[in-house]
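>>> all I have is the shape, not the residue letters:
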């Protein structure tokens, strides 16, 4: 860990503003892209605002990433990918990207809270983030009964009753994780069947602590200081009801982190970046990889594959343009 | 005790919490010292959060003001960072 911190500080001290490739996002797509561009000898900067590993850092156990027959903890997999990329010279900075612009000489400018950077090619791997419940009381009870992280907060609900909203892999994994602490777990889902994988479904249906509330949405969160009660509505019958819970874990899907790109790149109606099969976006030299891309299956293994393709496309683009910035060029270190 | 100009920081954590690690890493990067209370092991810590009606971690307590989650903007404002 200390070595990683040191690498991060070094990247900042060098004050390099110009790179050949800038990668936005440090999840599996971005880390893989960075591994490939660094190994290809391109001077690469990875910008991550939160946590290296991205969404997978929230996964207790990843069981569908090839190479780990017993599964691997999400944070550990993220750490390993990160170590591997940094080993080949990937530079990194922890900050938020605030803008992307075309500068003169076919370079793209990336503005961040920690300064501005330029690169010939950009790989956007900013991923997605948890969709909020978006009902009255959502903000008020955040951390006071509402949670988006079962592994973090499950402990608070020992021998209590909790709800999980959602029907996908995350929701069911959360429900099973919570069953270790809670006395009862209600799974509230707006459809009449789960989207989660078959293996997870079987585990969930067989679990004595799990109870399923189908065709139902949460309309309102109620409570005095902490969450106490949910107002529910059956979407088929319109019938309303209330459910007393001590906590509610929200896993209602993901939203692409694409809002800063909407005026420069083609996005689909849901906000995902449109790419071709080489990960090229609507602008030359800008590539997208992983969850943020339209039609991504949103799996770690798929993001890794996208990262490879985007890196290779970026490499090819830079060679064709002939505007790669040679690392040996003293002007490249931005001291001028 | 050495004289310190930095505010008093306590981070409440649980054992398997990626955002707790992230917030600790962030404060270390910014060279702030803090005390960590793992509420799964520390019953007093758990009681303290319950008293404040908080049911989630990480919680960063800066001069007794709680920030729930890794809310970088709020942390930067209270510490203050830049």
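Good, I have the coordinates. These numbers were taken from a predicted model, which means no experiment stands behind them.
>>> flag every buried residue along the host helix or strand of residue A:78.
Residue A:78 is located in helix A:74-87, with elements delineated by DSSP states H and E. Within helix A:74-87, the residues scored as buried using 16 or more other CB atoms under 10 Å in any protein chain shown are A:74, A:75, A:77, A:78, A:79, A:81, A:82, A:84, A:85, A:86. Yep, even glycine has a C-beta here, placed from its N, CA and C like the rest.
>>> pull the longest helix from the chain.
Looking at chain A here, since you left the chain open. helix A:300-321 (DSSP state H).
>>> sorry, I should have been clearer: chain B.
Longest helix in chain B, counting by DSSP H: helix B:18-29.
>>> immediately after that helix, which helix or strand?
Immediately after helix B:18-29, counting by DSSP H and E, sits strand B:35-38.
>>> distance between that next one and the chain's centre?
8 Å (CA atoms, centre = their mean, to the nearest Å).
>>> any part of that strand near chain A?
No. Strand B:35-38 is not in contact with chain A by CB under 8 Å from any CB of the partner chain; minimum separation 9.8 Å.
>>> partner strands of that strand and their direction?
Strand pairing for strand B:35-38, using DSSP bridges, gives strand B:9-13 (parallel).
>>> ok, whichever residue of the stretch 151-300 of chain A sits closest to chain B - contacts?
Of all residues in the stretch 151-300 of chain A, the one sitting closest to chain B is residue A:152 (3.8 Å; CB to the nearest CB). Neighbouring residues of residue A:152 by CB atoms under 8 Å, 6 or more residues apart in numbering or on different chains: B:14, B:16, B:17, B:18, B:19, B:20, B:56, B:57, B:58.
>>> that one in helix, strand or coil?
Each residue gets one of three states, and residue A:152 gets helix by DSSP: H, G, I helix; E, B strand; the rest coil.
>>> not counting its neighbours along the chain, what's nearest it?
residue B:17 (3.8 Å; CB to CB, 6 or more residues apart in numbering or on different chains).
>>> now residue A:248
residue A:163 (4.6 Å).
>>> look up how far residue B:10 lies from that neighbour.
30 Å (CB to CB, to the nearest Å).
>>> for those two, indicate the residue with more neighbours.
The neighbour comparison of residue A:163 against residue B:10 (other CB atoms under 10 Å in any protein chain shown) goes to residue A:163, with 27 against 17.
>>> against which helices or strands is the helix or strand hosting the more buried one packed?
Under the criterion of DSSP H and E, residue A:163 resides in strand A:161-165. Helices and strands touching strand A:161-165, by 3 or more CB pairs under 8 Å, 6 or more residues apart in numbering or on different chains; DSSP states H and E, are helix A:169-178, strand A:184-188, strand A:247-250.
>>> output those as a markdown table; include the columns distance to residue A:279, mean pLDDT and mean neighbour count.
As requested, those are exported to a markdown table (distance: least, CB to CB, whole Å; pLDDT from 0 to 100; neighbours: other CB atoms under 10 Å in any protein chain shown):
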| stretch | distance to residue A:279 | mean pLDDT | mean neighbour count |
| --- | --- | --- | --- |
| helix A:169-178 | 24 | 93 | 24 |
| strand A:184-188 | 36 | 98 | 24 |
| strand A:247-250 | 31 | 97 | 26 |
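>>> residue A:281: which of these is closest?
helix A:169-178 (27.3 Å; CB to CB).
>>> counting by contacts, list what the closest one packs against.
helix A:150-153, strand A:161-165, strand A:184-188, helix A:198-205, strand A:247-250.
>>> quick one: the closest residue to chain B within the stretch 101-250 of chain A from residue A:285, how far?
In the stretch 101-250 of chain A, the residue found nearest to chain B is residue A:143; the distance is 3.4 Å by CB to the nearest CB. Computed as CB to CB, the residue A:143 to residue A:285 distance reads 41 Å.
>>> same check, this time on residue B:34
42 Å.
>>> more neighbours: the two, which one.
With neighbours defined as other CB under 10 Å, residue B:34 and residue A:285 compare such that residue A:285 has more, 23 against 18.
>>> for residue A:320, the count of nearby residues, please.
10.
>>> can you list the residues of chain B near chain A?
Going by CB under 8 Å from any CB, the residues of chain B near chain A are B:14-22, B:25-26, B:28-29, B:39-40, B:49, B:53-59, B:68-70.
>>> before we move on, back to that, ok, the residue nearest to residue A:152 touching residue B:58?
Yes. Residue B:17 lies in contact with residue B:58 (CB atoms under 8 Å); the separation is 6.5 Å.
>>> wait, what's in contact with residue A:256?
A:126, A:127, A:128, A:267, A:270, A:271, A:272, A:273, A:291, A:292.
>>> tabulate the residues you listed (JSON lines), appending neighbour count and secondary structure.
Shown next, in JSON lines, are these (neighbours: other CB atoms under 10 Å in any protein chain shown; DSSP: H, G, I helix; E, B strand; the rest coil):
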{"residue": "A:126", "neighbour count": "30", "secondary structure": "coil"}
{"residue": "A:127", "neighbour count": "29", "secondary structure": "coil"}
{"residue": "A:128", "neighbour count": "22", "secondary structure": "strand"}
{"residue": "A:267", "neighbour count": "21", "secondary structure": "strand"}
{"residue": "A:270", "neighbour count": "9", "secondary structure": "coil"}
{"residue": "A:271", "neighbour count": "16", "secondary structure": "coil"}
{"residue": "A:272", "neighbour count": "19", "secondary structure": "coil"}
{"residue": "A:273", "neighbour count": "26", "secondary structure": "strand"}
{"residue": "A:291", "neighbour count": "29", "secondary structure": "helix"}
{"residue": "A:292", "neighbour count": "30", "secondary structure": "helix"}
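>>> any idea which helix or strand carries residue A:46?
strand A:44-48.
>>> in its sheet, what does that strand sit against?
Using DSSP bridges, the strands paired with strand A:44-48 are strand A:18-24 (parallel), strand A:91-94 (parallel).
>>> how far is it from where the chain is centred?
With CA atoms, centre = their mean, you get 15 Å for strand A:44-48.
>>> so it versus helix A:300-321, what angle?
140 degrees (axes from the mean of the first three to the mean of the last three CA atoms, to 10 degrees).
>>> what does the stretch 101-250 of chain A put close to chain B?
So far as CB under 8 Å from any CB goes, the stretch 101-250 of chain A lies against chain B at A:142-145, A:147, A:149, A:151-153, A:155-157, A:225-226, A:246-247.
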